[in-house]
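J.: okay, here's the prediction I keep looking at, along with the sequence it came from:
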Amino acid sequence: MQSSYILTDTHTHFYYNIHTEKIVEQIQRCLDNSITRLFLPNVDRESIIAVMDTVKAYPEHCFPMLGLHPCSVKEDYKTELDAIEKAISQHKIYAIGEIGIDLYWEKSTLEWQKDAFRTQVNWAKQLGLPIDIHCREAFDETFELLDELQDDKLFGIFHCFTGNLEQAHRAIDLGFKLGIGGVVTYKKAGLDAVVKEIALEHLVLETDAPYLAPTPYRGKENESSYLHYIAEKVADLHQTSIEEVAQITTLNSKSIFGI
């Protein structure tokens, strides 16, 4: 029996499976688990086609965002940005993302990453769109940029938020929702203690599929239908129902994405 609530996956790369039987099965499992809204960030110029093909195949359920992932910022990043900016002018999108700073994989490109971030934040402001932030081992650098760029046009989501309580409040004060994914289900990650202290009005849910699968699938390939495990964990932490979590986090996603 179909549930009365709607869950929103605010960040999934399940478009990697477009034009395969796998994506057909995955979207069906999403619908079977009341996950009917999925937001798709590309990572570079090459991945735009897969995102748009997925949106075309499932227009009622899939919504695109475009940006240059910090791990895709290489020597030719300005050429990549030009191509992505052109694509943005040709498609209806709902956010600029995913963009940000990643110092886990590559520290030497930090200045390029910062330049790319500033450029893309300016696109978002011009278009009245939210940004979807990737921040890995780079909270200080990311907050420094957001303080620099802060105005009433800057808003969005801290995707895959894994920070502490102080960082959570700082992100919220800057006008951002916290994207909560599979890490909240990991016993020793500590994110559960943070999420417990943050009101649901500041949270959205995500899978980041195919990465970071929640318990009980940790270490395996993630998929968007597993979002209900994340929703159940958040409901448990807040001592409320999954229906309540779904209602509030989906409403939050609508306020961010405008759809």
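T.: Okay, I see it.

J.: please count neighbours and contacts with C-alpha atoms only from this point.
T.: Fine.

J.: what is the neighbour count of L174?
T.: Applying other CA atoms under 10 Å, we find 17 residues neighbouring L174.

J.: if you could redo that for G163, that was the one I meant.
T.: By other CA under 10 Å, the residues close to G163 number 19.

J.: residues contacting it?
T.: Remark: with contacts taken as CA atoms under 8 Å, 6 or more residues apart in numbering, G163 is in contact with F139, L191.

J.: separation between it and V51?
T.: Per CA to CA, to the nearest Å, G163 is found 28 Å from V51.

J.: need the per-residue pLDDT for the residue nearest the centre of the chain.
T.: What sits nearest the mean C-alpha location of the chain, by CA atoms, centre = their mean, is H11, with 3.4 Å. The model reports H11 with a pLDDT of 98.

J.: now do the SS call for it.
T.: Three-state assignment for H11 (DSSP: H, G, I helix; E, B strand; the rest coil): coil.

J.: ok, it - contacts?
T.: Per CA under 8 Å, 6+ apart, neighbours of H11: L38, F39, L40, P41, H159, E206, T207, D208, A209.

J.: so Y77 makes contact with F117?
T.: No: contact criterion CA atoms under 8 Å: Y77 and F117 do not qualify, at 11.0 Å.

J.: compare those two (neighbour count), which wins?
T.: F117 (27 against 18).

J.: can you tell me the SS state at G163?
T.: Look at G163: counting by three-state DSSP, its state is coil.

J.: tell me the phi and psi of it?
T.: phi -80, psi -180 (degrees, to the nearest 10).

J.: would you mind measuring from it to G179?
T.: Relative to G179, G163 is positioned 11 Å away (CA to CA).

J.: S4 should be in a strand, yeah?
T.: No: counting by three-state DSSP, S4 is not part of a strand but coil.

J.: give me the contacts around the longest helix anywhere in the chain.
T.: The longest helix of the chain (DSSP state H) is helix 110-127. Contacts to helix 110-127, defined as CA under 8 Å, 6+ apart, come from residues 67-68, 70, 73-74, 77-78, 81, 95-96, 99-101, 103, 130-131, 145, 149, 153-154.
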